[in-house]
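Novice: Here's my sequence, what's the structure:
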Amino acid sequence: MSQMMRAVEITSPGGPDVLQLTERPMPEPGHGQVVIKVAWAGVNRPDALQRAGLYAPPPTASDLPGLEASGDVVAIGEGVSGVKLGDQVCALLPGGGYAEYVATPAAHCLPVPDGLGLMEAACLPETHFTVWSNVFTRGGLQAGERFLVHGGSSGIGTTAIQLAHAFGARVFATAGSADKCDACTALGAEIAINYRSQDFVEVVRDEGGADLILDMVGGEYIPRNLKALADDGRLVQIAFLGGPKVEVNFATLMTRRLTMTGSTLRPQSDLAKARIAQDLREAVWPLLEAGKVKPVMDQTFELADASQAHARMESSGHIGKIVLKVGG
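Specialist: Have a look, this model is predicted:
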């Protein structure tokens, strides 16, 4: 096994062209960690934020981008149980996925679901950890509730629509084109709202208001989300593509008993992420293996073409997940 590996690094904060192929030393597994020989790596919005200098990795994480990958376990550190050499896994990563090898806590690895290949499996961790923890754990979505997800054709959106539908919720989604709206309804959304021509507040309120909204837009969407909520509704914020600051009348929260919350995944403790992984293994992996939920794939790129993958994602033309082909 070579001591050096190919990787894509961020040469300086900036646009997609700052992503460059380089060589780095292979990682060694720490206590409780495994090293994965990466076959495929998922591309996610936080990667682009990190590349732009807006989302610093935790102090103990690799400076290389990449928060999810699939591949074979090739090294195991002390204190690891439940994962063995040669296992094919997909994993949530603290960073470093844009490389031929990556280290991550063993407890953040999940088996490749039966019926899916390594390419599809690389699309699972980041979106499923995010959706499960925010929609079901933090947001408390229940069967029969009305659920609105913004950005329904994104990796997060396509995952949230399918999981919410599978668990019996009524699902509404926003998207920016007819094709994207069609993709949302095909995945289980009852109504897909083209935000360029329709007001999601009016559409959702006509259905009784949303019990739960998952939002990654922020900005002017925040007060509109509060209007779209039913009484006792919950708003969960996971990103701010439209900006984090806005004026809100908090009397609305009091009089209508609304809840505003949110989270980011990467800074959470290893233990918190391990608990999410266990929930997914028990509640969601059976749905994947039964074909009731599946990753929606957009496009694949070679590792050396990571800059093109980022440009594709930031064009917002994609539907579903973008992945990098790393290994054989």
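
Novice: Report how many residues lie close to the closest residue to Pro65 other than its chain neighbours.
Specialist: Distance criterion C-beta to C-beta, 6 or more residues apart in numbering; nearest residue to Pro65, sequence neighbours excluded, is Asp47 at 4.3 Å. (Each C-beta comes from the backbone N, C-alpha and C, glycine too.) The number of residues packed near Asp47 is 29, by other C-beta atoms under 10 Å.

Novice: just for the stretch 101-250 of the chain, where's the confidence low?
Specialist: Judged against pLDDT under 70, the stretch 101-250 of the chain has no low-scoring part.

Novice: now the helices for it?
Specialist: 118-121, 125-131, 155-166, 178-187, 200-206, 221-228 (DSSP state H, counting those that start in this stretch).

Novice: rewinding a little: can you classify the residue nearest to Pro65 as helix, strand or coil?
Specialist: helix (DSSP: H, G, I helix; E, B strand; the rest coil).

Novice: May I have the predicted confidence score for it?
Specialist: The per-residue pLDDT reported for Asp47 equals 97.

Novice: and Thr60, what pLDDT?
Specialist: pLDDT, Thr60: 89.

Novice: swap in the one 4 residues further on?
Specialist: According to the model's per-residue confidence, Leu64 sits at a pLDDT of 98.

Novice: how close does it sit to Gln299?
Specialist: 21 Å (C-beta to C-beta, to the nearest Å).

Novice: Settle it for me: which of those two has more neighbours?
Specialist: Leu64 (22 against 16).

Novice: So for stretch 126-133, what gets flagged as buried?
Specialist: Buried residues in stretch 126-133, counted by 16 or more other C-beta atoms under 10 Å: 126-133.

Novice: CSV for those, including distance to Ala277?
Specialist: Formatted as CSV, the buried residues of stretch 126-133 follow (distance: C-beta to C-beta, whole Å):
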residue, distance to Ala277
Glu126, 12
Thr127, 14
His128, 9
Phe129, 7
Thr130, 13
Val131, 13
Trp132, 9
Ser133, 10
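
Novice: out of everything not next to it in sequence, what's closest to the residue nearest in space to the middle of the chain?
Specialist: In the chain, the centroid-proximal residue (C-alpha atoms, centre = their mean) is Thr127; its distance is 2.6 Å. Closest residue to Thr127 apart from its sequence neighbours, by C-beta to C-beta, 6+ apart: Thr159 at 4.1 Å.

Novice: In this structure the one you found contacts Pro125, no?
Specialist: No. In this structure Thr159 lies outside contact range of Pro125 using C-beta atoms under 8 Å: 10.7 Å.

Novice: Next, show the common contact partners of these two.
Specialist: Common neighbours of Thr159 and Pro125, counting by C-beta atoms under 8 Å, 6 or more residues apart in numbering, are absent.

Novice: Quick check: buried residues in stretch 163-176?
Specialist: For stretch 163-176, burial by neighbour count (16+ other C-beta under 10 Å) applies to 163-167, 169-176.

Novice: and the end-to-end length of it?
Specialist: 21 Å (C-alpha to C-alpha, to the nearest Å).

Novice: Distance from the chain centre to it, please.
Specialist: 16 Å (C-alpha atoms, centre = their mean, to the nearest Å).

Novice: and the longest strand for this protein?
Specialist: As assigned by DSSP state E, the longest strand anywhere in the chain is strand 33-43.

Novice: That one pairs with which strands, and in what direction?
Specialist: Take DSSP bridges as the rule and strand 33-43 pairs in its sheet with strand 68-76 (antiparallel), strand 101-105 (antiparallel), strand 321-325 (antiparallel).

Novice: I'd like these laid out as CSV, including mean neighbour count.
Specialist: Formatted as CSV, the strands paired with strand 33-43 follow (neighbours: other C-beta atoms under 10 Å):
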stretch, mean neighbour count
strand 68-76, 23
strand 101-105, 26
strand 321-325, 24
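
Novice: ok, now which ones touch the residue nearest to Pro65?
Specialist: 65-67, 98, 310.

Novice: Tell me how far it lies from Gly144.
Specialist: From Asp47 to Gly144 the distance is 36 Å (C-beta to C-beta).
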